[in-house]
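Chemist: dropping a prediction and its sequence here:
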Amino acid sequence: MNRLLLLIFLLMGTGTAAQQVQLEISHVLASQPMQLQTAVYTNAAGDTFNITLFKYYLSNFSLIAADGRKTALQPAWFLVSEDNAASKKILLPQCPEGEYTQLSFMIGVDSVLNFSGPQDGVLDPLHGMFWTWNSGYIMAKLEGTSPSSRLPNHMLQFHIGGYRAPHVTQRMVTLTLPSPLLTGPQYKPRVMLQADAMIWFNGDYKISFRQMAGFMTPGTPADRIADNYQHMFSVKKIVSQ
C-alpha cells in the first residue's frame, strides 16, 4: 500500500510540474534591442535618449480559452528588470490542462496591495518600487538621459504608479496568441513575449522630453503614459516543447 501511495504521489507531482507555462520576455525599442547605458534611441518627437533602468511589475495572470472561458492562475507578483536576465523568465505553475488562445495579465499590482502598505519578496520597498509618501507601488519605472531634458544632468525619470483616485496606473493586458497554447503533462510550453519601451513615448499620447522629461507622482500624465505602455507587449511565438 505504501508503495502504491508513493507511486500515486509521484505521478501527481509529475503531472503538476509539467502543467507549467514559461514566459520569456525580451525588451526592445522599436526594432532595436534594449541596451542599457550605451545604445541611443530616438522617439517620435525627435529626442535622442538612452536608458539606464527599466523595470515593472506583472501580476494577475489568466489564461483564456477560445470559448471565452477565463482561468485565473494562482496569485503571484513578478518584478521584471532589464538588468536581471533571470527576472525576464517567468514560470506560471499549476496551469490547468487545456487549450488557450489568449493570455491576460496586469502591469502593476492591484489596489489591495497598494492599500496594504509595503510587503516582502519582490514587493519589498528595497527594490525601489514603493512610494512611502504616496502609500503605493510604482507599477513601472524608466530612467535614462536625453540632451532634450531640462532636468539636472539631462535626466529622464518616469516613475509611473501610486493609487490615488481617480488616478489609477494599473493596466490589464490581453494578448491573442499566434497559435493555441496547450498545457498538460505532455507539454512544456514557452511563450516568447516582447515589450517595446518606445511605446511609452510614441503611443497615442506623444511625449517630448523638451516638455516633460520625468513624472514621479500620481496624476494625468502618469495615467496617459500607462495608457501607452499598456500596449507595449506582443507575443512573438509559442514553443510547445
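Modeler: Arrived safely.

Chemist: next SSE after the helix or strand of the chain with the lowest mean pLDDT?
Modeler: Here the helix or strand of the chain ranked lowest by mean pLDDT, DSSP states H and E is helix 2-18, holding a mean of 40. Where DSSP states H and E defines the elements, the next helix or strand beyond helix 2-18 is strand 21-29.

Chemist: who touches the helix or strand following that next one?
Modeler: Using DSSP H and E, the helix or strand that directly follows strand 21-29 along the chain is strand 32-33. Applying Cβ atoms under 8 Å, 6 or more residues apart in numbering, the contact partners of strand 32-33 are 26, 27, 39, 41. C-beta coordinates here come from the backbone N, C-alpha and C atoms, glycine included.

Chemist: just put the residues you listed in TSV and tack on pLDDT and distance to residue 90.
Modeler: Putting the contacts of strand 32-33 into TSV (pLDDT from 0 to 100; distance: Cβ to Cβ, whole Å) gives the following:
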residue	pLDDT	distance to residue 90
26	98	13
27	98	14
39	97	24
41	97	25
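
Chemist: put the buried members of these into a PyMOL selection.
Modeler: The PyMOL command for the buried members of the contacts of strand 32-33 (criterion: 16 or more other Cβ atoms under 10 Å) is given here:
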select buried, resi 27+41
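
Chemist: return the closest of the contacts of strand 32-33 with respect to residue 159.
Modeler: Taking Cβ to Cβ as the measure, residue 159 lies nearest residue 27 of the contacts of strand 32-33, at 17.7 Å.

Chemist: the closest one contacts residue 81, correct?
Modeler: No - shown here, residue 27 and residue 81 do not form a contact pair, counting by Cβ atoms under 8 Å, at 9.7 Å.

Chemist: between these two, which contacts overlap?
Modeler: By Cβ under 8 Å, 6+ apart, the residues touching both residue 27 and residue 81 are 54, 88.

Chemist: just to revisit the earlier point, ok, so of the contacts of strand 32-33, who is nearest residue 119?
Modeler: Nearest to residue 119 among these is residue 27, at 25.2 Å by Cβ to Cβ.

Chemist: dead centre of this protein: give me the residue that sits there.
Modeler: The residue at the geometric middle of the chain, judged as the C-alpha nearest the mean C-alpha position with Cα atoms, centre = their mean, is residue 58 (4.1 Å).

Chemist: now that residue: closest residue in space that isn't a chain neighbour?
Modeler: Nearest residue to residue 58, sequence neighbours excluded (Cβ to Cβ, 6 or more residues apart in numbering): residue 78, at 4.8 Å.

Chemist: please apply the same query to residue 193.
Modeler: Sequence neighbours aside, residue 25 is the residue nearest to residue 193 in space, at 4.8 Å (criterion: Cβ to Cβ, 6+ apart).

Chemist: ok, now residue 60?
Modeler: Nearest in space to residue 60, with sequence neighbours left out and distances taken as Cβ to Cβ, 6+ apart, is residue 106 at 4.0 Å.

Chemist: what helix or strand does the one you found sit in?
Modeler: Short version, using DSSP H and E: residue 106 is in strand 98-107.

Chemist: beta partners for residue 106?
Modeler: Taking DSSP bridges as the rule, residue 106 bridges to residue 59, residue 172.

Chemist: how much space separates it from residue 179?
Modeler: In this structure, residue 106 and residue 179 are separated by 24 Å, where distance is defined by Cβ to Cβ, to the nearest Å.
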